[in-house]
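Asker: predicted structure and sequence below. I'll ask about it afterward.
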Amino acid sequence: MRNDQLAELGQQLRVDAVRAADAAGSGHPTSSMSAADLAAVLLAHHLRYDFDQPDHPGNDRLIFSKGHASPLLYALYRVAGAIDDEELLSFRRLDSRLEGHPTPRLPWVDVATGSLGQGLPIGVGMALAGKRLDQIPYRVWVLAGDSEMAEGSVWEAVEHAAYEHLDNLTLIIDVNRLGQRGPTRHGWDLEAYARRLGAFGWHTIEIDGHDVVAVDAALKEAGSTVGQPTAIIARTRKGRGVAEVEDREGMHGKPLPDAAAAIEELGGPRFIRVDVHKPPAAKILHTALGGPLSLPAFEVGESVATRTAFGKALAALGSARGDVVALDGEVGDSTRTEYFAKVHPSRFFECYIAEQELVGTAVGMQARGYVPYASTFAAFLTRAHDFIRMAAVSRAAINLVGSHAGVAIGQDGPSQMGLEDLAMFRAVHGSTVLYPCDANQTARLVAAMADLPGVSYLRTSRGNMPVIYGPDEEFPVGGSKVLRSSDRDRVTVVAGGVTVHEAVRAGDLLGQEGIDVRIVDLYSVKPADAVTLQEAADATGCLLTVEDHRPEGGIGDAVAEAFTDGRPMPRLVRLGVRNMPGSATPEEQLHMSGIDAESIAAAVRLLVEQAVVR
């Protein structure tokens, strides 16, 4: 395209952003208008993408991190012929694919955006996949707003991209000076951004974002830069081209006051089409199956930490499947991803102490067809909750593993104890939450996670625990195991992970006193085995849940939810960590929190006594 045609294309994109927002009665047209020239040049000259084959392995990846500029993205799709004008004007309507912020309901959108600061971390994951896994020369383009450059997650990604020398990654910053409520921190000081990015090792280019010649030259320079990611820092004007709103505060997130006049001022509607350059032929190197799966087997009675079983099972899974990758937050010797790293170093990714980047990388890699397992301490995953929440919006299939859960970790104290993780993951839409109590159970669940949709979470423990299940035992997701039952059971104890073993010991103590209890290992916390729980409630009339977790949102709440939809609620008593732990041995911690065998036995005795009195 000639330069004058590129300028016209930019105007078309502005007009279409105005039209879409006006039809919807809401949206962010001014944020779209500032980046229109950047997007026009990228689409017409530099993007390599087959819109008829969104799964083409050689396609460039385009992420609108400033997801509120979705009218601009949808206007690009109309230019490329992917959608028509009628669909463009369905923006933000019920049942429209064109949501207020982009989601993978559209086949050309890899990940959902709109929660600012996530596009670049996810882009790093895609770029890593391209260089180290796919080994295909596609490029990753991330359009970011200047406001989101204040997010800490952006700078986690900036450092990681430079460290990994991701020269296939280009960040385009739309520096339009205005945020939601007024000026941004650095305004139009392009050098302020350049200094910071340059200090991390990025190649930076400062341009006028409305000069299509300068934009074209910058994009070319980014494509030819070797050994460094590139940031194009573009000075733009919010609401560009319409005097009533251009560079005016108070216009964020609103349709233009007079859309008809604005469209006329912009030169009226255009219907320019662009034949976007197709990517070269490419083929993914990995194969979904690398060989038969041979999970590690542990003997009943031996003592093994579930985190160790996870590491060994993941290494075995990696040998069977070439699409499995492992990521860690620089605690691989504790989470045991080190086992995978030793056997499959090319598919192991160290993300260091940057949990948002850890999860963002996993989301980016799954969008490229990989099956990621990302691990750190359970407590530290809470830092990345927004990324986990958005992963669900992205329909992303990722596997997260949190080790060192609960007070059972012992002397390290409360800062290291995951005590809220079950609640956090249970609240995520479509999630699966698993909490194994022994090594063979862990290995089976690790393998099962590889084929699950959505966000899956596995909670592992630090200390050694006895193996109670044989290596051939099956553990379907959504199931449970009844470890002990009889017709004389007075109470059902429902436990998970470390408290399963405490419940078994409590059962032994109570049995010596003539009190029989049913014990349920609820290894699948979500989905929970409602049928088994309801049968236990019918048989014993009383359920006692015990968990190494805060009482809110964990196993106790999962059990309570099994008795919705009109089912009679049994008597339900919940033991959990209600105190603020300090430093102590694991045994002392469990006792102080009231979730050890003694505490369970005492609670059962009280329930039985109360039942007798009644």
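Answerer: Cool, the structure landed. Residues are numbered from 1 along each chain as shown.

Asker: state the pLDDT value of residue 123.
Answerer: With respect to pLDDT, residue 123 scores 98.

Asker: check whether it sits in a helix, strand or coil.
Answerer: helix (DSSP: H, G, I helix; E, B strand; the rest coil).

Asker: give me phi/psi at the closest residue to it other than its chain neighbours?
Answerer: Sequence neighbours aside, residue 142 is the residue nearest to residue 123 in space, at 4.3 Å (criterion: C-beta to C-beta, 6 or more residues apart in numbering). All C-beta atoms are positioned from the backbone trio N, CA, C, and that covers glycine. Reported as degrees, to the nearest 10, the phi and psi values for residue 142 are phi -120, psi 120.

Asker: measure residue 142 to residue 201 for me?
Answerer: 17 Å (C-beta to C-beta, to the nearest Å).

Asker: the two: who's more crowded?
Answerer: Neighbours were counted for residue 142 and for residue 201 using other C-beta atoms under 10 Å; residue 142 has more, 29 against 15.

Asker: run through the bridge partners of the more buried one.
Answerer: With DSSP bridges as the criterion, residue 142 is bridged to residue 63, residue 171.

Asker: show me the contacts for it.
Answerer: 63, 65, 119, 120, 123, 169, 170, 171, 172 (C-beta atoms under 8 Å, 6 or more residues apart in numbering).

Asker: mind checking pLDDT for residue 610?
Answerer: Residue 610 carries a pLDDT value of 82.

Asker: one more: the one 3 residues further on?
Answerer: Reported pLDDT at residue 613 in the predicted model: 51.

Asker: so what's the model's average confidence on the longest helix seen in the chain?
Answerer: Taking DSSP state H as the criterion, the chain has its longest helix at helix 3-24. Helix 3-24 shows a mean pLDDT of 98.

Asker: show me what counts as buried in it.
Answerer: For helix 3-24, the neighbour count (16 or more other C-beta atoms under 10 Å) marks 6-24 as buried.

Asker: all helices for the stretch 251-400 of the chain, in order.
Answerer: 259-265, 306-320, 332-335, 338-343, 355-367, 385-393 (DSSP state H, counting those that start in this stretch).

Asker: for residue 158, find the nearest of those helices.
Answerer: helix 355-367 (9.6 Å; C-beta to C-beta).

Asker: average pLDDT for the closest one?
Answerer: pLDDT averaged over helix 355-367 gives 98.

Asker: and the angle for it with helix 385-393?
Answerer: 20 degrees (axes from the mean of the first three to the mean of the last three C-alpha atoms, to 10 degrees).

Asker: quick one: list the elements packing against helix 355-367.
Answerer: helix 119-128, helix 152-163, strand 324-328, strand 371-377, helix 385-393, strand 398-403 (3 or more C-beta pairs under 8 Å, 6 or more residues apart in numbering; DSSP states H and E).

Asker: looking at those, which is nearest to residue 546?
Answerer: Across the helices and strands packed on helix 355-367, closest to residue 546 is strand 398-403 (C-beta to C-beta), at 19.4 Å.

Asker: packing partners of that closest one?
Answerer: Checked by 3+ C-beta pairs under 8 Å, 6+ apart, strand 398-403 has helix 306-320, helix 332-335, helix 355-367, strand 371-377, strand 455-459 packed alongside it.

Asker: redo that, cut-off 7 Å
Answerer: helix 332-335, helix 355-367, strand 371-377, strand 455-459 (3 or more C-beta pairs under 7 Å, 6 or more residues apart in numbering; DSSP states H and E).

Asker: per-residue pLDDT, residue 285?
Answerer: Residue 285 is given a pLDDT of 67.

Asker: count the residues that sit near the closest residue to residue 445 other than its chain neighbours.
Answerer: Leaving aside its chain neighbours, residue 445 sits nearest to residue 434 (4.9 Å; criterion: C-beta to C-beta, 6+ apart). If you count neighbours by other C-beta under 10 Å, residue 434 ends up with 28.

Asker: tell me the contacts of residue 434?
Answerer: 445, 457, 458, 523, 524, 525 (C-beta atoms under 7 Å, 6 or more residues apart in numbering).

Asker: closest one of the residues you listed to residue 46?
Answerer: residue 457 (38.8 Å).

Asker: in the sheet, who's paired with that closest one?
Answerer: residue 400, residue 433.

Asker: residue contacts, it?
Answerer: 400, 402, 425, 431, 432, 433, 434.

Asker: the same query, at a cut-off of 10 Å, please.
Answerer: The contact partners of residue 457, by C-beta atoms under 10 Å, 6 or more residues apart in numbering, come to 378, 381, 388, 398-402, 421-422, 424-426, 428, 431-435, 449, 525-526.

Asker: cool, and residue 111?
Answerer: Per C-beta under 10 Å, 6+ apart, neighbours of residue 111: 61, 63-65, 67, 102-104, 118-119, 122-123, 125-126, 360, 363-364, 366-367, 390-391, 393-396.

Asker: could you rerun that using 6 Å?
Answerer: 122, 363, 367, 394 (C-beta atoms under 6 Å, 6 or more residues apart in numbering).

Asker: now it: which helix or strand?
Answerer: If you go by DSSP states H and E, residue 111 is not part of any helix or strand.

Asker: what's the spacing between the closest residue to it other than its chain neighbours and residue 74?
Answerer: Leaving aside its sequence neighbours, residue 111 sits nearest to residue 394 (C-beta to C-beta, 6+ apart; 4.4 Å). According to C-beta to C-beta, residue 394 stands 18 Å off from residue 74.

Asker: residue 481 now?
Answerer: Where residue 74 is concerned, residue 481 sits at a distance of 50 Å (C-beta to C-beta).

Asker: which of these two has more residues huddled nearby?
Answerer: Comparing residue 481 with residue 74 by other C-beta under 10 Å, the one with more neighbours is residue 74, at 29 against 20.

Asker: check what pLDDT the more buried one gets.
Answerer: Residue 74 is assigned 98 on the pLDDT scale.

Asker: other SSEs contacting the helix or strand hosting it?
Answerer: Using DSSP H and E, residue 74 maps to helix 70-79. Under the contact criterion of 3 or more C-beta pairs under 6 Å, 6 or more residues apart in numbering; DSSP states H and E, helix 70-79 touches helix 3-24, helix 29-34.
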